[in-house]
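J.: Return a 3D structure for these sequence lines:
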Amino acid sequence: MNAPLLSADHTILEPGFFWLLGPLLMVLFCTLGMFLCRRVCAAGNCSPWPRNTTTMDHSPMEIAELRYARGEITKEQFEEIKRTLR
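T.: Purely as a prediction, here's the structure:
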């Protein structure tokens, strides 16, 4: 007859018990990983790349105005873009 899993002669730390520890840890980590992925996606951050709001929410003219206001382009460049877009 088979001996019980934990008897007086065996403890939980003996090598015979570790065959069960690997699968249990794998299930635990997979569950934790799935939980974290669902939390991130629920927050609306599913994409690994950040959303570029400058190009998605503004027209080309508004983008040129923003760049001019930030000092990224000169007045001459802004005027040229304005002529090109209109």
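
J.: helix, strand or coil for Glu72?
T.: Classification of Glu72 by DSSP: H, G, I helix; E, B strand; the rest coil places it in coil.

J.: what are the phi and psi values for it?
T.: phi -80, psi -30 (degrees, to the nearest 10).

J.: Relative to Phe78, how far out is it?
T.: Using CB to CB, to the nearest Å, Glu72 is found at 10 Å from Phe78. Using the backbone N, CA and C atoms, a C-beta is placed for each residue, glycine as well.

J.: now the helices for the chain?
T.: 18-42, 53-57, 60-70, 75-85 (DSSP state H).

J.: which of the ones you listed is buried the deepest?
T.: Of all those, helix 60-70 carries the top mean neighbour count, a mean of 13, counting by mean count of other CB atoms under 10 Å.

J.: and Phe18, what pLDDT?
T.: For Phe18, the pLDDT comes out at 66.

J.: just to revisit the earlier point, could you tell me the least trusted of the helices of the chain?
T.: helix 53-57 - the lowest mean pLDDT of the helices of the chain, at a mean of 60.

J.: domain assignment for this structure?
T.: Following automatic domain parsing, one gets these domains for the chain: 12-48, 51-86.

J.: For the nearest residue to Glu65 once chain neighbours are set aside, give me its contacts.
T.: Spatial nearest neighbour of Glu65, excluding adjacent residues (CB to CB, 6 or more residues apart in numbering): Phe78 at 7.8 Å. Contact partners of Phe78, counting by CB atoms under 8 Å, 6 or more residues apart in numbering, are Ala64, Glu65, Arg67, Tyr68.

J.: now, which of those sits nearest Arg86?
T.: Ala64 (11.0 Å; CB to CB).

J.: What is the most widely separated pair among the contacts of Phe78?
T.: Longest span within the contacts of Phe78, CB to CB: Glu65 and Arg67, 7.4 Å.

J.: Enumerate every residue touching Tyr68.
T.: Per CB under 8 Å, 6+ apart, neighbours of Tyr68: Lys75, Gln77, Phe78.

J.: Go again with 10 Å.
T.: Neighbouring residues of Tyr68 by CB atoms under 10 Å, 6 or more residues apart in numbering: Thr74, Lys75, Gln77, Phe78, Glu79, Ile81, Lys82.

J.: I am finished for the moment; much appreciated.
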